[in-house]
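1. here you go, sequence then predicted model.
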Amino acid sequence: MTRWARWADARGTGERGSAVVDFVLVLVVVLPLFLGICQVALVLHVRNTLTSAASEGARYAATADRSFADGAARTRDQITGALAARFARQVVAGPATVRGAPGVQVQVVAEVPPLGLWGPAVRLVSTGHAVEEPAS
């Protein structure tokens, strides 16, 4: 073994600490990507839940013995049970025309907060419709 080889072997190969640098470089790319995917998943989950609750509330209000306030209350209960009460603050139910027939419309407006430390909240507007049940 030459003197240079013994000296390099004794000191190491000069790559000491490179794993930490590699980890930080990869983390800078992967962490925002991961948070972005989680944010999209959260927004889609909340949107689908609000739409389902609005549709359920509209169907409930469209029955013969229920009012618009009953449909709004049912929607609030569904949202509170599935997500949180803060998503059920703006629920409005009223009359609507569904393909030419009298019906009920329930609209929910909510904001989904950002996951990270920065960024705007995402405003969602979900609407559910149902045809009114005829009184017999």
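-> That came through, no problem. What you see is a predicted model, and the numbers here were worked out from it, not measured in a lab.
2. need the per-residue pLDDT for the residue positioned nearest the centre of the chain.
-> Computing the C-alpha centroid of the chain and ranking residues by C-alpha atoms, centre = their mean puts Val43 first, at 2.2 Å. For Val43, the pLDDT comes out at 93.
3. after the helix or strand encompassing it, next one along is what?
-> For Val43, the enclosing helix or strand under DSSP states H and E is helix 18-61. Downstream of helix 18-61, the next assigned helix or strand under DSSP H and E is helix 68-82.
4. state the mean pLDDT of that following helix.
-> Averaging pLDDT along helix 68-82 yields 97.
5. mind saving the C-alpha coords of that helix as CSV?
-> The C-alpha trace of helix 68-82 is given here as CSV (Å, rounded to 0.1, in the frame of the first residue of the first chain):
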residue,chain,number,x,y,z
PHE,A,68,-86.5,24.1,4.9
ALA,A,69,-85.2,24.7,8.4
ASP,A,70,-85.4,20.9,9.0
GLY,A,71,-83.3,20.3,6.0
ALA,A,72,-80.7,22.9,7.1
ALA,A,73,-80.6,21.4,10.5
ARG,A,74,-80.2,17.9,9.1
THR,A,75,-77.3,19.2,7.0
ARG,A,76,-75.6,20.8,10.0
ASP,A,77,-75.9,17.6,12.0
GLN,A,78,-74.4,15.5,9.1
ILE,A,79,-71.5,17.9,8.7
THR,A,80,-70.8,18.1,12.5
GLY,A,81,-70.9,14.4,12.8
ALA,A,82,-68.5,13.8,9.9
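6. how about the contacts made by Arg74?
-> Arg74 makes contact with Glu56, Gly57, Tyr60, Ala61, according to C-beta atoms under 8 Å, 6 or more residues apart in numbering. Heads up, the C-betas are built off the backbone N, CA and C, glycines and all.
7. what sits closest to the last one if chain neighbours are left out?
-> In this case it means Ala61. Of all residues not flanking Ala61 in the chain, Gly71 sits nearest, at 2.4 Å (C-beta to C-beta, 6 or more residues apart in numbering).
8. show me what the strand or helix carrying Ala93 is packed against.
-> Here Ala93 sits within strand 90-98, counting by DSSP H and E. Here strand 90-98 touches helix 18-61, helix 68-82, strand 101-112, strand 122-131, going by 3 or more C-beta pairs under 8 Å, 6 or more residues apart in numbering; DSSP states H and E.
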